[in-house]
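J.: Here you go, sequence then predicted model.
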Amino acid sequence: CAWSSIRGEGYLRALFLRVRARQGKKKAIGAVAAAILTAVHGILRDHEPYRDLGAEHFNRNDRQRTASRLARRIRSLGYEVEMRPAA
């Protein structure tokens with residue numbers, strides 16, 4: 001289930017990509033499987049349908065950290081970056 005769930009777009013794929021970047025494919029699949037089990041437990045316990053948090057879930061939660069990470073990446077490519085909020 002975990003392998004097939006990362007082929008689509010959504011929270012589970014975003015989770016896989018996030019964990020894979022730090023810990024590798026096997027740990028990432030384990031994290032996705034754990035997330036699926038947690039979701040199934042909540043669905044069965046509360047009798048509510050599954051609501052996908054979306055692929056942008058991690059970016060929405062911590063905008064400043066995401067912006068800093070992207071600026072650091074651009075600097076590593078040899079560009080100068082100035083950070084200021086959009087109007």
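T.: Perfect, I can see it now. Numbering: from 1, shown residues only.
J.: what about A35, which SS state?
T.: helix (DSSP: H, G, I helix; E, B strand; the rest coil).
J.: typo on my end, E82
T.: From three-state DSSP, the assignment for E82 is coil.
J.: for Q64, same thing?
T.: Going by three-state DSSP: Q64 is helix.
J.: What about it, how many residues nearby?
T.: 8 (other Cβ atoms under 10 Å). C-beta coordinates here come from the backbone N, C-alpha and C atoms, glycine included.
J.: What lies in contact with the lowest-mean-pLDDT helix or strand in the chain?
T.: Every helix and strand of the chain was ranked by mean pLDDT, DSSP states H and E. The lowest is helix 57-61, at a mean of 78. Residues external to helix 57-61 that are found in contact with it (Cβ atoms under 8 Å, 6 or more residues apart in numbering): Y11, A14, L15, R18, T66.
J.: can you do 7 Å?
T.: Identification of contacts with helix 57-61 by Cβ atoms under 7 Å, 6 or more residues apart in numbering yields Y11, A14, R18, T66.
J.: In which helix or strand does the third one reside?
T.: Assigned by DSSP states H and E, R18 falls within helix 11-23.
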